[in-house]
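**Student:** model this:
(2 chains)
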Amino acid sequence: MLLRHTSKEVKEREGLTINPAKTCQPIGAMYAALGIHGCLPHSHGSQGCCSYHRSTLTRHYKEPVMAATSSFTEGASVFGGQANLLAAIETIFSVYEPDIIAVHSTCLSETIGDDLQQITRKARDDGKIPEGKHVIFASTPSFIGSHVTGYANMVTGIAEQFSVSTGTKKNQINIIAGWMEPSDMREIKLLSKKARCQDCALPRHFQRP
Amino acid sequence: MEANKIYPDPSQVREELIQRYPSKVAKKRAKSIIVNDPEIIPEVQANVRTVPGIITQRGCSYAGCKGVVLGPTRDIVNIVHGPIGCSFYAWLTRRNQTRTESLMDANYIPYCFSTDMQEENVVFGGEKKLKVAIQEAYDLFHPKSIAIFSTCPVGLIGDDVHAASKEMRDKFGDCNVFGFSCEGYRGVSQSAGHHIANNGVFKHMVGRNNTPSVGKFKLNLLGEYNIGGDAFEIERIFDKVGITLVSSFSGNSTVSQIENAHTADLNVILCHRSINYMGDMMETKYGIPWMKVNFVGADSTAKSLRKIAEYFGDEELKARVEEVIAEEMPRVKAIIEEILPRTTGKTAMLFVGGSRAHHYQDLFSELGMTTVAAGYEFAHRDDYEGRDVLPKIKVDADSKNIEELKVLPDPELFNPRKTEAELEALKEKGLEINGYSGMMKQMTKKSLVVDDLSHYESEKLIEIYKPDIFCAGIKEKYVVQKMGIPLKQLHSYDYGGPYTGFEGAVNFYKDIDRMVNNPVWKLIKAPWQKAGATNGKSKGLEATYVTQ
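**Tutor:** The predicted structure follows:
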């Protein structure tokens, strides 16, 4: 009797969404970023987004999910979140020492128009990113697509911002799947290994099989 | 032979916690990390902005409003106006239970309602879609009430949820539609959302039904959200004692109860942080005093029941309370006596919520355990230091953004339940009437009090103190457990509970016994126990063991 108020006949609705089978982009971006070793996801928006995403992923995977947030206040929403993100980058690198910070936007920072590319460039120019460390970003507005889109956007961000053309062919297959459970990805990797393929799975949420 | 731990000097621990931060951050955090002294109660910096990037436990205003206060209401259709995520994440995640009288009564808690805002709604405004959504909800469910919750983009683009709600309320006539401006960026934590929720419920619900409630001893239960069935246990005890529960804010509540709440003669407050505004406003408007109680812990429950009986000043009620306590306690005592030898001398840390970090210390002391460090996630200074500091709290820009309702005595319904002199006399007897003495008074000297604990600080504290149990939430759970320390979730009770009242105390004793005495934790190598894991850092501060 859990959903006893649900009517038997199907009624078309235009405004109201009930019991959705999807959620918003940023959680996908956070999940994707967790699949890179030494990478700390960072949510550029209100604290609640980060807190909700971490809780949801932790409940699902029963594993620690670490991520930081820009902790927007009303002031930041009016004047822009640049100061918050720059402060966050400095704090994160001095306290947690990740190799990479993967910043994703939220509906709040997207609506006010924060430019993550410009802010991360400024962080580098201001010397807030230590030598050999990286800050990458992905635009993941919650009002477009779903968590699957967010995952794809972060993976695209990783590929775009890390790939360097060397001119030489690597003879390798890149396995860049959409949102996938760690166990599924692991199985694909195993199959690839059995087929004696040289591959690179991105991102990878499991330890080497 | 009982093993005892000797801890390093707490002020040294404090230095250790902040030394890694950039200097500005360190300066700020130092004010929130306090070595307790219950005699003088030092000042704690609380309810201030979180340092960006520090990895906080905190959530947002929307979480406080929709998730905490309005979430447990079963017959209100709670529609979240915004992108899909906000509603999705607050869907059945807080374990607030409810019990309808019949199977066919309204219960919308298992549902998730959202306007699923799309880009075009953000660009051209979402009010139209919101009104369609309200209409559709009304047509499908015909609920008594529909509540609308604003999310971040709604506040930015300027959708007027209040106007839309009013329009639809007037249109329906038989459905109370009202909105909350609880955008996630408001305030500095969930706390802002609690205040916004209190305002909205007070403005739109309380006082709508003047039918006198029946009963000799009538009260409202404020700040009890029925996690894991907590409210059911309190209801059971009230029933047994003969106390009438007019309404609950908001665990196992109904719209009609809340609308009738002003006919009670006392408000008892459990979670001071999330609902004290309601207590104050109802006192001003209707003359109902509020009293701080605590039903977490068997002794605390007995104490609270006696306080309630003292308030009503009825000899028969007092005798009945004693009878019930005498009836319930033997079972509790039998169990605690069996468990006590295994838990005595163990240590706990609590970093959770806005009142739980205080209340659960009662249960741990009943278990013979010491709380070595505690702190809240989103509380204010009064929750730490007691309400006496209220006049001294500086109102900052973030708090100013939250509306303070101007409440006046109701010309018809204002009826002081007790005279000033009577209230003073009750206070003399130790009843916390319109007052709360805070957490620090109860904590031992030299224990640590940390507001808005960061992940780094929690790791450090565990490394230094190696507590026997750490209490926090789901985000912290597996991180802490991988360090070989069991973590008890005090938000969701790890799928257990209830923990209130007499039955709850027994549940808690058993759960904690199972956790702190489980040999599995000794099998896990914590990062600092692994060879070469000191990362070149000096061993520094650490608890040492002595055997007596």
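
**Student:** Tell me where chain A is predicted with low confidence.
**Tutor:** Scanning chain A for pLDDT under 70 picks out the ranges A:208-209.

**Student:** Surely A:Leu2 and B:Tyr108 touch.
**Tutor:** No: at 11.4 Å, A:Leu2 does not count as touching B:Tyr108 under the criterion of Cβ atoms under 8 Å. All C-beta atoms are positioned from the backbone trio N, CA, C, and that covers glycine.

**Student:** who has more neighbours, those two?
**Tutor:** More crowded of A:Leu2 and B:Tyr108, by other Cβ atoms under 10 Å in any protein chain shown: B:Tyr108, with 22 against 10.

**Student:** Let me see the contact set for the more buried one.
**Tutor:** Counting by Cβ atoms under 8 Å, 6 or more residues apart in numbering or on different chains, B:Tyr108 makes contact with A:His5, B:Arg74, B:Asp75, B:Ile76, B:Val77, B:Asn78, B:Phe141, B:Pro143.

**Student:** can you confirm it is in a strand?
**Tutor:** No: looking at B:Tyr108 with DSSP: H, G, I helix; E, B strand; the rest coil, it is coil, so not inside a strand.

**Student:** would B:Arg514 count as being in a helix?
**Tutor:** Yes: secondary structure of B:Arg514 (three-state DSSP): part of a helix.

**Student:** Near it, how many residues? Count them for me, please.
**Tutor:** 11.

**Student:** Let me know the distance separating B:His142 from A:Thr168.
**Tutor:** 68 Å (Cβ to Cβ, to the nearest Å).

**Student:** ranges for the strands of chain A?
**Tutor:** All strands of chain A, identified by DSSP state E, fall at A:17-18, A:39-44, A:68-69, A:100-105, A:134-138, A:173-175, A:199-201.

**Student:** right, so of these, which gets closest to A:Phe93?
**Tutor:** strand A:100-105 (7.6 Å; Cβ to Cβ).

**Student:** how much does the closest one deviate in direction from strand A:134-138?
**Tutor:** Relative orientation of strand A:100-105 and strand A:134-138, computed by axes from the mean of the first three to the mean of the last three Cα atoms, to 10 degrees: 30 degrees.

**Student:** Any residue of strand A:100-105 touching chain B?
**Tutor:** No: Strand A:100-105 stays out of contact with chain B when judged by Cβ under 8 Å from any Cβ of the partner chain, the minimum separation being 8.5 Å.

**Student:** Could you report the distance from A:Phe206 to A:Met185?
**Tutor:** Taken as Cβ to Cβ, the span from A:Phe206 to A:Met185 is 7 Å.

**Student:** So which of those two has more stuff around it?
**Tutor:** Neighbour totals were compared for A:Phe206 and A:Met185, and A:Met185 leads with 19 against 15 (other Cβ under 10 Å).

**Student:** Spell out the residue ranges of the helices in the stretch 201-350 of chain B.
**Tutor:** Secondary structure of the stretch 201-350 of chain B by DSSP state H, counting those that start in this stretch: the helices cover B:230-241, B:255-259, B:272-286, B:298-312, B:315-343.

**Student:** Kindly reformat the contacts of B:Tyr108 as CSV and extend each row with distance to B:Arg95 and neighbour count.
**Tutor:** Formatted as CSV, the contacts of B:Tyr108 follow (distance: Cβ to Cβ, whole Å; neighbours: other Cβ atoms under 10 Å in any protein chain shown):
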residue, distance to B:Arg95, neighbour count
A:His5, 21, 18
B:Arg74, 14, 20
B:Asp75, 19, 20
B:Ile76, 18, 26
B:Val77, 20, 27
B:Asn78, 16, 26
B:Phe141, 23, 20
B:Pro143, 23, 21
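
**Student:** Make JSON lines from those and add secondary structure and distance to A:Leu16 to it.
**Tutor:** Listed next are the contacts of B:Tyr108 as JSON lines, based on DSSP: H, G, I helix; E, B strand; the rest coil; distance: Cβ to Cβ, whole Å:
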{"residue": "A:His5", "secondary structure": "coil", "distance to A:Leu16": "13"}
{"residue": "B:Arg74", "secondary structure": "coil", "distance to A:Leu16": "19"}
{"residue": "B:Asp75", "secondary structure": "coil", "distance to A:Leu16": "17"}
{"residue": "B:Ile76", "secondary structure": "strand", "distance to A:Leu16": "15"}
{"residue": "B:Val77", "secondary structure": "strand", "distance to A:Leu16": "9"}
{"residue": "B:Asn78", "secondary structure": "strand", "distance to A:Leu16": "12"}
{"residue": "B:Phe141", "secondary structure": "helix", "distance to A:Leu16": "10"}
{"residue": "B:Pro143", "secondary structure": "coil", "distance to A:Leu16": "13"}
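
**Student:** Of the residues you listed, just say which sits nearest to B:Thr50.
**Tutor:** Comparing the contacts of B:Tyr108 against B:Thr50 with Cβ to Cβ places B:Asn78 closest, at 26.5 Å.

**Student:** Which pLDDT value goes with the residue nearest to that closest one when sequence neighbours are not counted?
**Tutor:** Nearest residue to B:Asn78, sequence neighbours excluded (Cβ to Cβ, 6 or more residues apart in numbering or on different chains): B:Ala147, at 5.1 Å. Predicted confidence (pLDDT) for B:Ala147: 98.

**Student:** One more: the one 5 residues further on?
**Tutor:** The predicted structure scores B:Cys152 at 97 on the pLDDT scale.

**Student:** and it, how many neighbours?
**Tutor:** Neighbours of B:Cys152 (other Cβ under 10 Å): 31.

**Student:** ok, how many other residues are close to residue 72?
**Tutor:** You didn't pick a chain, so chain A it is. 30.

**Student:** right idea, wrong chain: chain B
**Tutor:** 24.

**Student:** can you give me phi and psi for B:Ala374?
**Tutor:** phi -150, psi 160 (degrees, to the nearest 10).

**Student:** quick one: B:Arg14 and B:Val449 touch, right?
**Tutor:** No: in this structure B:Arg14 lies outside contact range of B:Val449 using Cβ under 8 Å: 10.3 Å.

**Student:** Going by neighbour count, list what's buried in the one helix or strand B:Glu424 maps to.
**Tutor:** Applying DSSP states H and E as the criterion places B:Glu424 in helix B:420-428. By neighbour count on 16 or more other Cβ atoms under 10 Å in any protein chain shown, the buried set for helix B:420-428 is B:Leu423, B:Leu426.

**Student:** which residues touch A:Gln198?
**Tutor:** Residues near A:Gln198 by Cβ under 8 Å, 6+ apart: A:Lys170, A:Asn171, A:Gln172, A:Ile173.

**Student:** got the residues you listed as JSON lines, with distance to chain B and neighbour count columns?
**Tutor:** Below are these laid out as JSON lines (distance: Cβ to the nearest Cβ, whole Å; neighbours: other Cβ atoms under 10 Å in any protein chain shown):
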{"residue": "A:Lys170", "distance to chain B": "34", "neighbour count": "9"}
{"residue": "A:Asn171", "distance to chain B": "37", "neighbour count": "7"}
{"residue": "A:Gln172", "distance to chain B": "33", "neighbour count": "10"}
{"residue": "A:Ile173", "distance to chain B": "33", "neighbour count": "13"}
